[in-house]
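**Student:** no sequence for this one, just the structure:
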């Protein structure tokens, strides 16, 4: 019988994506283990567990959200895989979602609605490299099709003017050192006021990709504050397909399922190889999303004639 491997799973259980990764890791363990998995329910950005510095395990699977966690994982000198991708230059292999495919799905879905105006709702540049890449690649898809893309990055001045979409301006827009990769340092009301002003300034109808479900939920709420009808005036697509956030949004929010189960399974597979002495991946391992899950937030068809648009809206609301 093979030796029982001890693996630390430092992944949040508070979000659907993290839970999917944990399920994928568990599937791999059942097929190729079993492993003894060190796991405690936690949120994203939790501090390193106290036992990690003296733990004599075999490997670590972690969603590394800050330098404190990165240093703690590196200090163990054990084989490790990062499933977060937030920190640049991290000397730990990364396995995560394929942003090129994710953003292409979002753009094609919005374009198929007949839309010609597009926007991206993200977070300040420099907070998380995978979200920076998601923003850049969505803009590239939009511009390659001959359209322009407005931008919201979550900075206090973002509602004062329309954001151009050049790579240079996106790189310069960041505010280094903001502690969270989800929203920034401002409170809910201040953020929502700024976001509502930005939505109000956009041409209508518009297709908007939100960088992830938390931002998408904020966006749906901001549209209501700005009296912008979703989906008739703003069709919204987010990422992660968290059922709590997607169904709490009103209307329910379309979102792309990044296939957290497969990401977790592949991460476990790579870690297993590294534990037995094989080399790790030479670069990022990117997993294609499972599907775009369409809901009411993008259930629209861009129609120029206001009377026909009104009739379509009536049918949708009363059918």
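**Tutor:** Great, that's in hand. Remember, predicted model here, so these are calculated numbers, not experimental data.

**Student:** check what pLDDT residue 216 gets.
**Tutor:** Note on residue 216: pLDDT of 97.

**Student:** quick check: phi and psi at the spatially closest residue to it that is not a sequence neighbour.
**Tutor:** Excluding its sequence neighbours, the residue lying closest to residue 216 (Cβ to Cβ, 6 or more residues apart in numbering) is residue 238, at 2.9 Å. In short, each C-beta sits where N, CA and C put it, glycine included. With angles defined as degrees, to the nearest 10, residue 238 sits at phi -120, psi -170.

**Student:** same check, this time on the one 5 residues further on
**Tutor:** Dihedral angles phi and psi of residue 243 (degrees, to the nearest 10) take the values phi -60, psi -30.

**Student:** so what's it up against?
**Tutor:** Contacts for residue 243 (Cβ atoms under 8 Å, 6 or more residues apart in numbering) come out as residue 16.

**Student:** next helix or strand past the helix or strand bottoming out on mean pLDDT in the chain?
**Tutor:** Least confident helix or strand of the chain, by mean pLDDT, DSSP states H and E, is helix 167-172 with a mean of 34. Remark: after helix 167-172, the chain's next helix or strand is helix 188-201, criterion DSSP states H and E.

**Student:** which other helices and strands contact that next one?
**Tutor:** Counting contacts by 3 or more Cβ pairs under 8 Å, 6 or more residues apart in numbering; DSSP states H and E, helix 188-201 packs against strand 149-152, helix 213-225.

**Student:** got CSV for these, with distance to residue 47 too?
**Tutor:** Formatted as CSV, the helices and strands packed on helix 188-201 follow (distance: least, Cβ to Cβ, whole Å):
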stretch, distance to residue 47
strand 149-152, 31
helix 213-225, 21
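
**Student:** which phi and psi does residue 285 have?
**Tutor:** Torsion angles at residue 285 (phi, psi; degrees, to the nearest 10) stand at phi -100, psi 110.
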